[in-house]
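A.B. asks: Kindly generate the corresponding structure for this input.
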Amino acid sequence: MRADRLKSLCTVLEETNGRLNVDEDAGAKVWPSGFGALDVALAGGFRSGELALLGAAPGLGKTTFALQVARNLVVSGNSVLYFSFEHDNHSLMERLIILEAAEIVGVGALRLPAVRQSFSVLQGSDRMMAGRLAGTEGGVESVQAMQGYSERLHLHRSSGAETNVEAMREIVASIAERTGQRVFVIVDYLQKVQAAAPSAEVRQTVHLSEEDRITEVVEGLKDMSLDLSVPVLALVAVDKSGLAAVRTRVQDLRGSSALAHEADVVLILNNKFDVVARHHLMFNQGNADQFHHWVVMSIEKNRNGVDNIDLEFRKRFEHFRFDTCGGRVEEELIDGRIFVE
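C.D. replies: The predicted model follows:
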């Protein structure tokens, strides 16, 4: 049991005054996502000590959003730790090259085939990354930009057989000790985090259900965010009902009861085309075509602010990013299978 868990209010007051006296932040640190409309809704961004979840069906951009948030944070001087159970570090780097190039030169930036070709074929005398990307749109500039923040972005190739919350705690603490910075923690994704390893005797007699395992993991992530004063953004997969749902909601996430209870913020992504009211599709074919290019991000829970807000962001998946200048959804949306007037 940690000795500092029990404190009198007098001690808390003294600690707060002590931090304020040396011009340190006394409350939770706010970490802007770089997505303007989302940061406004979250009163500035994600907060230390809080657990945020991002849920969606496969292919809607959970990793794209998380990696873009990571990039936005390190560009602004913050430190990020990305636990990846789904992608190796080289694949994440490729995505970042393309994302960064699009930030620099726009929609004409190089795409994945050009990056992979540059890494597999020597095209000149310069064997290094920048030399191989010479002649591509934004490739050289992208590598140079990434080198500027590379020491602040920590990538962990996580394993569902080995990486549990306790291991994550140790890594978060070690980076903070080494760099003097608290890190923004991203978990991609939550259902692959290993539950705490039980003793041999317990393993022989107890088999955790998936619901129990997810409950243990999400409770552990919430405790870690509080104990280490870091924000945690965890990506969450949907269950079978979610794959069949017209509109994914929090109840469609795997382990939804524990997730909804422990999380401070719950964000859900849906394709805009799938969730707008039908009359928007029937009477304006141009709108219908455009809706395929947008996602709706619903804030289904926000413990410290407003919720039940629907935001929209344009997909730029050819560059592994979203347009950050989204806004509120103006069209009427369906709610499950029921039209909302």
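A.B. asks: secondary structure element for the residue nearest the centre of the chain?
C.D. replies: By CA atoms, centre = their mean, the chain has its centre lying nearest to A66, at 3.1 Å. Per DSSP states H and E, A66 falls inside helix 62-75.
A.B. asks: Give me the buried positions along that helix.
C.D. replies: 62-75 (16 or more other CB atoms under 10 Å). All C-beta atoms are positioned from the backbone trio N, CA, C, and that covers glycine.
A.B. asks: contacting residues around the next helix or strand after it?
C.D. replies: Following helix 62-75 in sequence order, the next helix or strand is strand 79-84 (DSSP H and E). Here strand 79-84 makes contact (CB atoms under 8 Å, 6 or more residues apart in numbering) with 66-67, 70, 73-74, 92, 152-158, 163, 168, 171-172, 175, 179, 181-188, 193.
A.B. asks: same thing with stretch 86-101?
C.D. replies: Counting by CB under 8 Å, 6+ apart, 63-64, 67-68, 71, 82, 84, 109-112, 115-116, 119, 133, 136-139, 141-143, 145-146, 155, 157, 188-189, 192, 319-321 sit against stretch 86-101.
A.B. asks: got any ranges where this structure has weak pLDDT?
C.D. replies: Low-confidence segments of the chain (pLDDT under 70): 1-3, 23-26, 122-126, 197-207, 283-284, 286, 336-341.
A.B. asks: of the contacts of strand 79-84, buried ones?
C.D. replies: 66-67, 70, 73-74, 92, 152-156, 158, 163, 168, 171-172, 175, 182-188, 193.
A.B. asks: Among the residues you listed, which lie within helices?
C.D. replies: Members of the buried ones among the contacts of strand 79-84 lying in helices (criterion: DSSP state H): A66, L67, A70, L73, V74, L92, M168, I171, V172, I175.
A.B. asks: quick one: contacts for the residue nearest to the last one when sequence neighbours are not counted?
C.D. replies: The reference is to I175. Leaving aside its sequence neighbours, I175 sits nearest to V183 (CB to CB, 6 or more residues apart in numbering; 5.4 Å). V183 sits next to S79, V80, L81, H154, V172, I175, A176, V230 when contact means CB under 8 Å, 6+ apart.
A.B. asks: what about K7, is that helix, strand or coil?
C.D. replies: coil (DSSP: H, G, I helix; E, B strand; the rest coil).
A.B. asks: Columns distance to Q290 on top of the buried residues of helix 62-75, output as CSV?
C.D. replies: What follows is the buried residues of helix 62-75, written out as CSV (distance: CB to CB, whole Å):
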residue, distance to Q290
K62, 22
T63, 24
T64, 19
F65, 20
A66, 25
L67, 25
Q68, 21
V69, 25
A70, 28
R71, 26
N72, 25
L73, 30
V74, 32
V75, 29
